[in-house]
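> After the sequence you'll find the predicted model.
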Amino acid sequence: QVQLVESGGGLVQAGGSLRLSCAASGRTSSSDAMGWFRQAPGKERELVAGIRWSGGNTYYADSVKGRFTISRDNAKNTVYLQMNNLSPEDTAVYYCAAGRGIFKDSRRYDYWGQGTQVTVSS
């Protein structure tokens with residue numbers, strides 16, 4: 001089992017920044033990659049960014065390229081999502097997930113955090 005705990009969400013004005021953290025514990029060796037997903041009301045959960053623990057390969061959705069940066073601290077088993085130049089369209093619940101690779105399909109992830117709300121006001 002892997003436990004994931006997100007933190008760092010909140011309310012921010014458009015153009016502002018937030019940094020999300022996801023701390024992993026338990027059998028972290030069972031996951032090779034981490035993903036940050038988001039889900040807005042009435043919309044499907046979408047992969048925003050992903051990163052592999054080994055090698056640091058990353059993926060970004062087109063909607064966040066150039067604004068969001070995913071990083072990891074292997075020693076702390078923690079993944080971060082730095083979000084800059086936020087817009088109201090980024091408002092959603094953000095989830096981190098652990099899996100065997102970086103996949104757009106949320107069903108391919110084995111473990112999920114509880115989610116953290118990000119609200120961007122205009």
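It's in.

> Secondary structure element holding the most centrally placed residue in the chain?
Geometric centre of the chain, nearest residue: residue 36, 2.1 Å, by Cα atoms, centre = their mean. Assessed by DSSP states H and E, residue 36 sits inside strand 33-39.

> hmm, back to that, how much space is there between the residue nearest to the centre of the chain and residue 45?
Per Cβ to Cβ, to the nearest Å, residue 36 is found 11 Å from residue 45. (C-beta placed from N, C-alpha, C; glycine too.)

> where do the contact lists of those two overlap?
residue 95 (Cβ atoms under 8 Å, 6 or more residues apart in numbering).

> Just the pLDDT at the spatially closest residue to residue 47 that is not a sequence neighbour, thanks.
Residue nearest to residue 47 in three dimensions, not counting chain neighbours: residue 104, with 4.8 Å by Cβ to Cβ, 6 or more residues apart in numbering. Listed pLDDT for residue 104 reads 97.

> repeat for the one 3 residues further on
We have a pLDDT of 96 for residue 107.

> Tell me how many other residues crowd the residue nearest to residue 47.
Using other Cβ atoms under 10 Å, residue 104 has 12 other residues around it.

> Touching, it and residue 48? I think so.
No: look at residue 104 against residue 48 with Cβ atoms under 8 Å: they stay out of range, at 10.4 Å.

> quick one, phi/psi of residue 108?
For residue 108, the backbone dihedrals are phi -90, psi 0 (criterion: degrees, to the nearest 10).

> so what's the closest residue to it other than its chain neighbours up against?
Leaving aside its chain neighbours, residue 108 sits nearest to residue 99 (5.7 Å; criterion: Cβ to Cβ, 6+ apart). Neighbour list for residue 99: 31-35, 108-111 [criterion: Cβ under 8 Å, 6+ apart].
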